[in-house]
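Chemist: the following block contains a protein sequence and its predicted model.
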Amino acid sequence: MEHSWMERFDVSIYNAVSTEQLRGLRDRMHVELRPSLFEDVIEWNKSVNAAHDRLIAGTIALAEQTLRLEGFGVPPVPYAFVAVGSAGRAEQTLWSDQDNGIVHAVPPEGREAEAETYFRLLADRVHVWLQSAGYPPCPGNVLCTNSLWRKSDDAWKSMIREWYDDPVWENVRYLLMTADLRCLHGDAGLVRSMRNGYMNMLAQTPSMLGHMLQNTLHHKMTIGVLGNIITERYGDDAGAFDVKYGAYIPLVNGIRLLALAAGVAEPSTLGRLDALRAAGKHAPADVDRWREAFVTALELRSLARHEKEDGLYTTRGMIDPESLSKENKRRLKSCLRTGIELQQTVRKTVERLADGAPKKRGGSA
């Protein structure tokens, strides 16, 4: 992709005054950012996520402007619109959904209701407009419209503390999701403060790593004992390989937990791998293999079947193994084998760190 296209894209977002224009820009991304136009999947991933970031930030800015024109004023306190999931890790595909939230500063005494009303209205407007632009809502309701993911920084920190104190499966899942949180628009300092608090709590609660381990290893690499690629047996996807949950997610989850165990707060998978290598806690050759496996999963995920349904870009993360070249089949099998080794390393690392640590009540469901 030429830099001039991204520059024109930025100008078009800045000048957008309607949801129809935003939708046109989203559709244009699918033309200008086709994976086949890029020789390197990492550069493709950077370009795709830069475009998503710009479009979403532009949607938020337009929502702010519209609320101001409608008489609701400006944001009453500083805030950060945050991305979670693949958006938080800067690993969205062209057809990713919405995973987001809002962190705002504590309002002055007596203005709590004003802040709650403003950010609820902003969240509703952004959510609807992103849907209009083709972003389906997160099926797990990790959305700025959900009050669980929209609150003051103090309330966020209290909620995170509650999750640490009661490590049942769902709370641990939320903690792992929060580790991927990234500021998309607004006051990044609010997110840094929250992330620092998160990491400090983890350092003070090493037994939490054991609970995180069970959640992290929930998704397995889908390769058979004889080295065969395991495909879907039934339904519309029969014969297809689930590259998202059979390769990509297990790698993301494993690398995330190794990073957390090493005190790394970086939200992106590639950033976590770089930090792990620099920290020297694992053999450089191992980290390089994990990186190669992740890049393979990232590339094959970009080839997953996708569709446009009711105006929304969606995918089930499936690829047809028979459509892969001989080399890509070899790379996929190598990726899956490396993923198994990674999960074994994660288990050994966490069990060693968590051994003897005070246990919290709760655990896996």
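Modeler: Yes, it's here.

Chemist: backbone dihedrals for the residue of the chain most remote from its centre, both of them.
Modeler: Distance from the C-alpha centroid of the chain, by CA atoms, centre = their mean, peaks at G110 (35.2 Å). Main-chain dihedrals, G110, degrees, to the nearest 10: phi 90, psi -10.

Chemist: OK, contacts around it?
Modeler: With CB atoms under 8 Å, 6 or more residues apart in numbering as the criterion, no residue contacts G110. Where C-beta positions appear, they are placed from N, C-alpha and C, glycine not excepted.

Chemist: can you check R161 too?
Modeler: Shown in contact with R161 (CB under 8 Å, 6+ apart): M201.

Chemist: and it, that's in a helix?
Modeler: Yes. Judged by DSSP: H, G, I helix; E, B strand; the rest coil, R161 forms part of a helix.

Chemist: just to revisit the earlier point, check the gap between the residue farthest from the centre of the chain and V84 for me.
Modeler: Distance from G110 to V84, counting by CB to CB, to the nearest Å: 31 Å.

Chemist: now swap in L260 and tell me
Modeler: For L260, the distance to V84 - CB to CB - is 16 Å.

Chemist: picking that back up, do you know the pLDDT at the residue farthest from the centre of the chain?
Modeler: For G110, the pLDDT comes out at 95.

Chemist: so where do the strands sit in the protein?
Modeler: Counting by DSSP state E, the chain has strands at residues 79-83, 100-104, 150-152, 182-186, 241-242, 306-309, 312-315, 318-319.

Chemist: now do the second one, average pLDDT.
Modeler: Model confidence over strand 100-104 averages 98 on the pLDDT scale.

Chemist: listing partners with orientation, what would you give for it?
Modeler: Paired with strand 100-104 in the same sheet, following DSSP bridges, are strand 79-83 (antiparallel), strand 150-152 (parallel).

Chemist: show me how far the shortest one is from its chain's centre.
Modeler: So that's strand 150-152. 19 Å (CA atoms, centre = their mean, to the nearest Å).

Chemist: leaving out the residues flanking it, which one is nearest to S132?
Modeler: Ranked by CB to CB, 6 or more residues apart in numbering and with sequence neighbours excluded, the top spatial neighbour of S132 is T19, at 4.3 Å.

Chemist: just give me the lowest mean pLDDT stretch among the strands of the chain.
Modeler: strand 306-309 (a mean of 80).

Chemist: what packs against that strand?
Modeler: strand 312-315 (3 or more CB pairs under 8 Å, 6 or more residues apart in numbering; DSSP states H and E).

Chemist: buried stuff in the strand it packs on?
Modeler: L312, Y313, T315 (16 or more other CB atoms under 10 Å).

Chemist: save these as JSON lines, and put in distance to Y14 too.
Modeler: Listed next are these as JSON lines, based on distance: CB to CB, whole Å:
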{"residue": "L312", "distance to Y14": "25"}
{"residue": "Y313", "distance to Y14": "23"}
{"residue": "T315", "distance to Y14": "29"}
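
Chemist: which one of the residues you listed is nearest P35?
Modeler: Nearest to P35, judged by CB to CB, of the buried residues of strand 312-315 is T315 at 12.9 Å.

Chemist: lowest-confidence helix or strand of this protein?
Modeler: Using mean pLDDT, DSSP states H and E, the weakest-scoring helix or strand in the chain turns out to be strand 306-309, at a mean of 80.

Chemist: now it: buried residues?
Modeler: Buried residues in strand 306-309 (16+ other CB under 10 Å): H306.

Chemist: ditto for stretch 320-332
Modeler: Neighbour count says stretch 320-332 has P321, L324, N328, R331, L332 buried, by 16+ other CB under 10 Å.

Chemist: ok, now stretch 203-210?
Modeler: Quick answer for stretch 203-210 (16+ other CB under 10 Å): T205, P206, S207, M208, L209, G210.

Chemist: give me the low-pLDDT residue ranges for the protein?
Modeler: By pLDDT under 70, the low-scoring segments of the chain are 1-3, 356-365.

Chemist: hmm, back to that, how close does the residue farthest from the centre of the chain sit to T349?
Modeler: In terms of CB to CB, G110 sits 49 Å off from T349.

Chemist: re earlier: of all the strands of the chain, which lies closest to V287?
Modeler: Using CB to CB, those put strand 182-186 closest to V287, at 22.2 Å.

Chemist: work out the gap between the closest one and the centre of the chain.
Modeler: Distance, centroid of strand 182-186 to centroid of chain: 13 Å (CA atoms, centre = their mean).

Chemist: also stretch 88-105?
Modeler: Worked out by CA atoms, centre = their mean, stretch 88-105 lies 6 Å from the chain centre.

Chemist: what's the answer for stretch 87-105, then?
Modeler: When distances are taken as CA atoms, centre = their mean, stretch 87-105 is centred 6 Å away from the chain's centroid.

Chemist: distance between the ends of that stretch?
Modeler: 23 Å (CA to CA, to the nearest Å).

Chemist: pull out the buried residues from that stretch.
Modeler: 87-105.

Chemist: give me the distance between I319 and P139.
Modeler: Separation of I319 from P139 (CB to CB) stands at 21 Å.
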